[in-house]
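Engineer: predicted structure and sequence below. I'll ask about it afterward.
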Amino acid sequence: MNTVGRSIPRREDRPLLQGRGCYLDDVVVAEVLHARFVRSPVAHGLIKRIDVAEAAALPGVVAVFLAGDLGLGPLLPLLDNPDAVPVPRPVLAHEKVRFAGEAVALVVATDPYVSEDAAELVTVEIDPLPALASTAAALQSEAPPLHDHPTNVLYERRFAAGDAEPGPVVVQRTFSSQRQTALPMEPRGILVQPADDALTVWSSTQSPHLLATTLAEALGRPVSEVHVNVPDVGGGFGLKAHVYPEELAVAAAAQALCRPVKWVEDRADNLASSCHARGQTLDVTITADEDGRLRSIDADVVVDMGAYGVHAHGHLLEAAGTPSMLPGPYRLPAYRFRSRAVATTKAPLGAYRGVGLPVATFVHERAMDLIAAATGLDRAEVRRRNLLQRSDLPFTSLTGQRYDSGDYPAALQKALEGIGYAGFADEQEAALAEGRLLGLGMAVYVEYAAVGSAVFAARGMRGLLGYDEADVVLGSDGIFRVWTTLPTAGQGLNTTFAQLAADDLGVEAERVEVQPVSTAIGGMRGNGTFASRSAVSGGGAIREACTELRRRLLEDAADELEVAAADLELADGEVRVKGAPGSGISLADLAKKAPAGRYDVVRRHDPSQVVYPYGAHACRVEVDPISGLVKIVDYVVVEDCGQVINPAIAEGQTQGAVAQGIAGALYEELPYDEHGQLRAASLMDYLVPTAAEIPLLRIEHIHVPTDASITGCKGLGESGTLAPGAAIANAVSDAVGAECNTTPIRPSWVRAAAQERLRRCEGATCR
Ligand code: SMO
């Protein structure tokens, strides 16, 4: 009977494959108007004048709004962190612009093409100020402060724990990670239909309740009057966890005009003005004993946070996240760091799959290889000597992370076996003798996931609820309907939630329907879908609601049938004596007889512990010394996400996450020039890998039971992004015999290093 653990087909797929999906832009509302934002062409400057006359005169234009016309204050950060300087973000820039792409005006027209033409007719005169196009520029003493704060350092935390002396083996390096973006296939969008009694909103969002409360507050309406509905969502990956100024502006415009207004951004807007991620430079000193055991890490972390924080997460996501997990799955006696978030004239840094942890993994896994090189030890052996053992867990790291359970050495061992590490050195040598450069890389990671309200509170992120809710209702048709606060963005939650509910209720999955998320339903409130939380937090709420609903059904059927509840079961649409089909009362009849609300159970789940998924990746690469191309020849993933709900969906999640990790290792980058202009402003320049660049992955799950979540799930969505950067950089370093401490790994660098490698080994002795 159990459906959890089975690859039942995704319910989402059939309508989507048949073109029956309904994304935001497919939502039909009569008389809808179309919004287009005018954006700053320069990175930094004082606004002298904005002339909208020509745009306003274009036939079809209904209104052009500037900052003062909307009656909206700035988005205020919901951040109470003693190390952070909170900065407001204007909905439309006035006085000053702080990045190229910041919205300065909003055009509303009867036709989307007219709105776009009109936006081009708005003239914005700006007195330029120096761009802060890098953290180095923003940190200079003469750099102009971007905000009303004397420096551009808007978060600074110093930390020291442990008392070990530095070891004799010293590895001191600079590591860096480029800016990337989540790039959901469907960009951001919102549709707002105003009415006297309520504002009806459709948004492509991961956080509908946050959007509802933010809109309600900005517009001065009770939150009960703001109904946010989430249609099909074409990917979020963190980018849609935030509430954006554009959403407030569109809602205010709709309210002012008493007309429905829709905004769907294009790819240029998405790349330049949604949010970016990663963007870090780290100066790190790692020390170890001669036998490779870690003694200390000292890290100076600088995060290029862009011009503002994102709402409601703020500007600490990377700067707080990366150093907290830099010790990784290893036993570390002493750790110090300083971490700073530095304001620059770039798009704000926000959430993107893994948030901060891919960079942490990159550093600790490069460090393991560098310690191996410095000590002459085998790199797998260095890891084994430092990894926390299964019996060490639960283990609280120096940064206070309580790794709940797992078997890190087993994950590494499986990955090494899968990739054929044992025989690789000989293969590599033989290939080199033929002028071919092969490399093998490995990376072990541990990740926090599905954090609850206590963690958000400890970080000072008071806009994030940390809990989620589920409402499970038995209808008079005998079907269970599940409403949650967690929209699905493509990851198949309608299927996996149905599986969880079916097992908790003790019914077939076909008897459970998962409904679209809307904040209008039953006063529900919840965090939304991010931080790999759905199976833990949503799953927990579903478990608690279903358990109570099942208890009520058994209790009522026991009364009806005059049988002890313990002797009853739910099966084939009835509650019956165990093993006696047809002996019971149908679910439909129970529902019809019950007083209103009896079979409508809402439960809230707030994860009380953080869960720690982990795993190991290993890959083989071949490097082309002529082109600098890195070909991933083989890739093995071993991971423990706790209970696997649907293996096919888990595999799909991992494939997507690894693809995004590979993109970060080799392809995607959002560079800005010295004037603060984004140089990858379209998909011509932002190199999203296609299927051709992604190898076939071999994915294996391991499972060490955890009691840290009530479903036994640990979260899965993000983990696959953590290790590819490290595993591929290690493999490329291995292939070319040079240190690759920066991503993306550019062909020009690979080519030079590869040719140098081949020069060094011309003649007979290559190793
Ligand atoms: S970056 Mo994810 O949606 O937490």
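Structural biologist: Yes, it's here. In this text the structure is predicted, and so the values were computed from the model without any measurement.

Engineer: which residues of the stretch 151-300 of the chain lie near the ligand?
Structural biologist: Proximity of the stretch 151-300 of the chain to the ligand is assessed by Cβ under 6 Å from any ligand atom, with Q206, G236, F237, G238, A241 identified as the residues in range. In this view, the C-beta of every residue, glycine as well, is placed from N, C-alpha and C.

Engineer: the second one touches T488, doesn't it?
Structural biologist: No - with contact taken as Cβ atoms under 8 Å, G236 and T488 are classed as non-touching, separated by 9.4 Å.

Engineer: so what sits against both of those two?
Structural biologist: Jointly contacting G236 and T488 under the rule Cβ atoms under 8 Å, 6 or more residues apart in numbering are T529.

Engineer: what about the closest residue to R543 other than its chain neighbours, helix or strand, and which?
Structural biologist: Spatial nearest neighbour of R543, excluding adjacent residues (Cβ to Cβ, 6 or more residues apart in numbering): D504 at 5.1 Å. Under the assignment given by DSSP states H and E, the secondary-structure element containing D504 is helix 493-505.

Engineer: all strands for the stretch 151-300 of the chain, in order.
Structural biologist: Listed from the start of the chain, the stretch 151-300 of the chain has strands (DSSP state E, counting those that start in this stretch) covering 153-161, 169-180, 189-194, 199-203, 226-229, 261-264, 277-288, 294-306.

Engineer: what is the second one packed up against?
Structural biologist: Using 3 or more Cβ pairs under 8 Å, 6 or more residues apart in numbering; DSSP states H and E as the contact criterion, the neighbours of strand 169-180 among helices and strands are strand 277-288, helix 357-375, strand 742-743.

Engineer: returning to what we had before: which of G236 and T488 has more neighbours?
Structural biologist: G236 (29 against 24; other Cβ atoms under 10 Å).

Engineer: out of the strands of the stretch 151-300 of the chain, nearest to I745?
Structural biologist: For the strands of the stretch 151-300 of the chain, proximity to I745 was assessed by Cβ to Cβ; strand 169-180 is nearest, at 10.3 Å.

Engineer: direction included, what does the closest one pair against?
Structural biologist: The strands that strand 169-180 pairs with in its sheet are strand 277-288 (antiparallel), strand 742-743 (parallel) (by DSSP bridges).

Engineer: residues contacting the nearest residue in space to G466 that is not next to it in sequence?
Structural biologist: When the adjacent residues along the chain are set aside, G466 lies closest to S453, with 3.1 Å between them (Cβ to Cβ, 6+ apart). The contact partners of S453, taken as Cβ under 8 Å, 6+ apart, are L464, L465, G466, Y467, D606.

Engineer: shouldn't V29 be in contact with L191?
Structural biologist: Yes - look at V29 against L191 with Cβ under 8 Å: they come within range, at 6.4 Å.

Engineer: between these two, which one's more packed in?
Structural biologist: Between V29 and L191, counting by other Cβ under 10 Å, L191 is the more crowded of the two (26 against 15).

Engineer: any idea what the more buried one is bridged to?
Structural biologist: In this entry, L191 is beta-bridged to W202, K262, by DSSP bridges.

Engineer: contacts only, for the nearest residue to E544 once chain neighbours are set aside.
Structural biologist: Residue nearest to E544 in three dimensions, not counting chain neighbours: R603, with 3.8 Å by Cβ to Cβ, 6+ apart. Counting by Cβ under 8 Å, 6+ apart, R603 touches E469, A470, A541, I542, E544, A545, E548.

Engineer: residues contacting the one helix or strand the second one maps to, please?
Structural biologist: Using DSSP H and E, the element containing A470 is strand 468-474. Identification of contacts with strand 468-474 by Cβ under 8 Å, 6+ apart yields 480-486, 501, 505, 521-522, 524-528, 533, 537-538, 540-542, 544-546, 549, 553, 587, 590-591, 599-605.

Engineer: report the buried members of the residues you listed.
Structural biologist: 480-486, 501, 505, 521, 524-528, 533, 537-538, 540-542, 544-546, 549, 553, 587, 590-591, 599-605 (16 or more other Cβ atoms under 10 Å).

Engineer: number of nearby residues for the residue of the stretch 501-650 of the chain found nearest the ligand?
Structural biologist: For the stretch 501-650 of the chain, the residue positioned closest to the ligand under Cβ to the nearest ligand atom is F530, at a distance of 3.3 Å. For F530, the tally of surrounding residues (other Cβ under 10 Å) stands at 26.

Engineer: with T721 instead?
Structural biologist: Look at T721: counted by other Cβ under 10 Å, it has 29 neighbours.

Engineer: for it, what are its contacts?
Structural biologist: So, once contact is read as Cβ under 8 Å, 6+ apart, T721 ends up touching R353, G354, L357, P358, A657, V658, Q660, G661, G664.

Engineer: now do 10 Å
Structural biologist: Contact partners of T721, counting by Cβ atoms under 10 Å, 6 or more residues apart in numbering, are 180, 237, 352-355, 357-358, 361, 445, 447, 654, 656-664.

Engineer: and it, what pLDDT?
Structural biologist: The confidence metric pLDDT takes the value 98 at T721.

Engineer: tell me how far it lies from A691.
Structural biologist: When Cβ to Cβ, to the nearest Å is the yardstick, T721 and A691 sit 18 Å from each other.

Engineer: do A509 as well
Structural biologist: 30 Å.
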